[in-house]
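Undergrad: prediction below, plus the sequence it came from.
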Amino acid sequence: MEKKMDIERRVYSAEEIQEILGIKRSATYNYLTKVYKDGGPFLVHKIGTMYRVPKEDFDAWLCGEKK
């Protein structure tokens, strides 16, 4: 039997970040790569070739609560 996850996803994908920021795909991946390598201004996880960004951390940065 297949188990369903009842919890809300706590991360954004690169595509979701692209949509939120309203930028092109290439700009999104370039920026996420830079943030991942430099360690800020928000947390970025790289899993294989995919990027995942914790919603709480990104949203705080986007709202100016984190520098």
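TA: Done, it's in. Everything numeric here is computed off the predicted structure, so don't read it as measured data.

Undergrad: rest of the way, CA atoms for contacts and neighbours
TA: Noted.

Undergrad: pull the number of nearby residues for Thr28.
TA: As a burial measure, Thr28 scores 19 neighbours (other Cα atoms under 10 Å).

Undergrad: wait, I meant Leu32
TA: 23.

Undergrad: can you check Arg52 too?
TA: So Arg52, with other Cα under 10 Å, has 19 neighbours.

Undergrad: that one: what secondary structure?
TA: Put simply, Arg52 is strand when judged by DSSP: H, G, I helix; E, B strand; the rest coil.

Undergrad: switch to numbering from 505
TA: New numbering, starting at 505: the last item is Arg556.

Undergrad: test my guess that it contacts Tyr516.
TA: Yes - between Arg556 and Tyr516 there is a contact under Cα atoms under 8 Å: 5.7 Å.

Undergrad: middle-most residue in the chain, spatially?
TA: The residue lying closest to the centre of the chain (Cα atoms, centre = their mean) is Val557, at 2.6 Å.

Undergrad: contacting residues for it?
TA: 515-518, 546-549 (Cα atoms under 8 Å, 6 or more residues apart in numbering).

Undergrad: what comes up buried for the longest helix seen in the chain?
TA: Assignment by DSSP state H gives helix 529-542 as the longest helix of the chain. Within helix 529-542, the residues scored as buried using 16 or more other Cα atoms under 10 Å are 532-533, 536-537, 539-540.

Undergrad: burial measure for Ile551, as a count.
TA: Around Ile551 there are 8 residues (other Cα under 10 Å).

Undergrad: cool, Glu519 as well?
TA: Glu519 has 14 nearby residues by other Cα under 10 Å.

Undergrad: what about the protein, any weak spots by pLDDT?
TA: Low-confidence segments of the chain (pLDDT under 70): 505-511, 570-571.

Undergrad: what do you get if the cut-off is 80, keeping everything else the same?
TA: 505-512, 570-571 (pLDDT under 80).
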